[in-house]
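**Student:** Whatever this is, show me its structure:
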Amino acid sequence: MSFNKVDLSFQSSNADYETAKVVIFSVPMDSTTSFRPGTRFAGNAIRVDSFGVEWYSPYRNKSLKDVPTIDIGDLDLPIGDVERALETVYETTKQILDDGKLPMMVGGEHLVTYPVIRAMVEKYPDLNIIHLDAHTDLREEFFGRKLSHATVIRRCHDLLGDGRIHQFGIRSGDREEFEWAKNGHTHLRKYDLIGLSETIKSIDDKPVYITIDLDVLDPAVFPGTGTPEPGGITYKELLGSFDEFEKIPNLVGADIVELAPMLDASGASTAVAAKTLREMVLLLHK
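**Tutor:** As a prediction, the model looks like this:
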């Protein structure tokens, strides 16, 4: 498997694959979305919008111009075949890791995080996940499916086990999911990001993967998502979490998911996603 630059890339992310440290790729899949679909269009919407995003981040005091990054574009997925699509995501991530690079994945629905974690755990057996989201995503199955955007963190737990998934901003889910988390399976913080700094300290130098479902943001900030949940965090609070992420000594990969660009005709949600991707790419280059 070989990867090349694409004609439409995220901002200045057009380094040669051999020299790139971070590899951006997007997963155009919303096959198990349970409410409003459209996340399959997120990757290219963010690419187009990125031309309105400054390369320099005053928050990180870094510029995308200074960091070797390649964007390999949307993965070519078999429409309607969830298992084969997830296998493509897994194989892509595994290749990126085998080549000594860091994956930066853009969803797509949140289920696409699961095959990335499959590949990550093979390389980093003591991996920890920091998960920002409005939803628990801890169902054993949803609408009869074990592989769903509502079960993705439960499937990741199947791979990692207890105590290695750290959830923040959670404000929606079934009662059994909250009880299951409370029984020691995950560390779950409801409503906000309080305790993130202490969590990062407790993880110490173990490898960390960050998955951000952008619906962790309040719908007033980010309406362009399939299952909006009132009561979310502000964008300034999200930026504050990035300040904490800078303290992670061993950040090995990340994703942002669940932008459905056509659900926000103003374009504000896509702008938020593009700016968030810039910040995460710069963090991975730390």
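**Student:** you'd agree R278 is up against V53?
**Tutor:** Yes. If you go by C-beta atoms under 8 Å, R278 and V53 touch, sitting 5.8 Å apart. Placement of C-beta: from N, CA and C, glycine included.
**Student:** Need the residues touching each of those two.
**Tutor:** Q11 (C-beta atoms under 8 Å, 6 or more residues apart in numbering).
**Student:** Between these two, which is the more surrounded one?
**Tutor:** More crowded of R278 and V53, by other C-beta atoms under 10 Å: R278, with 25 against 17.
**Student:** who touches the more buried one in this structure?
**Tutor:** Here R278 is in contact with 11, 50, 53, 55, 57, 64 (criterion: C-beta under 8 Å, 6+ apart).
**Student:** Would you show me how to pick out the buried ones of those residues in ChimeraX?
**Tutor:** Buried members of the contacts of R278, defined by 16 or more other C-beta atoms under 10 Å, are picked up in ChimeraX with:
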select :11,50,53,57,64
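**Student:** Which members of the contacts of R278 are positioned in strands?
**Tutor:** Applying DSSP state E to the contacts of R278, the entries found in strands are S57.
**Student:** what pLDDT does the residue lying closest to Y56 once chain neighbours are set aside get?
**Tutor:** Residue nearest to Y56 in three dimensions, not counting chain neighbours: S63, with 4.3 Å by C-beta to C-beta, 6 or more residues apart in numbering. According to the prediction, S63 has pLDDT 95.
**Student:** For S63, give me its contacts.
**Tutor:** By C-beta under 8 Å, 6+ apart, the neighbours of S63 are 55-57.
**Student:** Next one: it from I117, what distance?
**Tutor:** From S63 across to I117, the span is 30 Å (C-beta to C-beta, to the nearest Å).
**Student:** Break down the stretch 51-200 of the chain into its strands, ranges please.
**Tutor:** For the stretch 51-200 of the chain, the strands defined by DSSP state E, counting those that start in this stretch cover 56-57, 62-63, 69-74, 102-107, 128-132, 165-170, 187-190.
**Student:** export those strands to JSON lines and tack on distance to F41?
**Tutor:** Listed next are the strands of the stretch 51-200 of the chain as JSON lines, based on distance: least, C-beta to C-beta, whole Å:
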{"stretch": "strand 56-57", "distance to F41": "25"}
{"stretch": "strand 62-63", "distance to F41": "28"}
{"stretch": "strand 69-74", "distance to F41": "10"}
{"stretch": "strand 102-107", "distance to F41": "11"}
{"stretch": "strand 128-132", "distance to F41": "22"}
{"stretch": "strand 165-170", "distance to F41": "24"}
{"stretch": "strand 187-190", "distance to F41": "31"}
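**Student:** Which one of those lies nearest to E83?
**Tutor:** If you check each of these against E83 by C-beta to C-beta, strand 102-107 wins as the nearest, at 17.2 Å.
**Student:** that older thread, most widely separated two among the contacts of R278?
**Tutor:** S50 and S57 (12.8 Å).
**Student:** How much space separates I79 from T93?
**Tutor:** 20 Å.
**Student:** what about the two, which has more around it?
**Tutor:** T93 (23 against 9).
**Student:** Contact partners for that one?
**Tutor:** 103, 105, 115-116, 118-120, 253.
**Student:** That's all I had, so thanks and see you.
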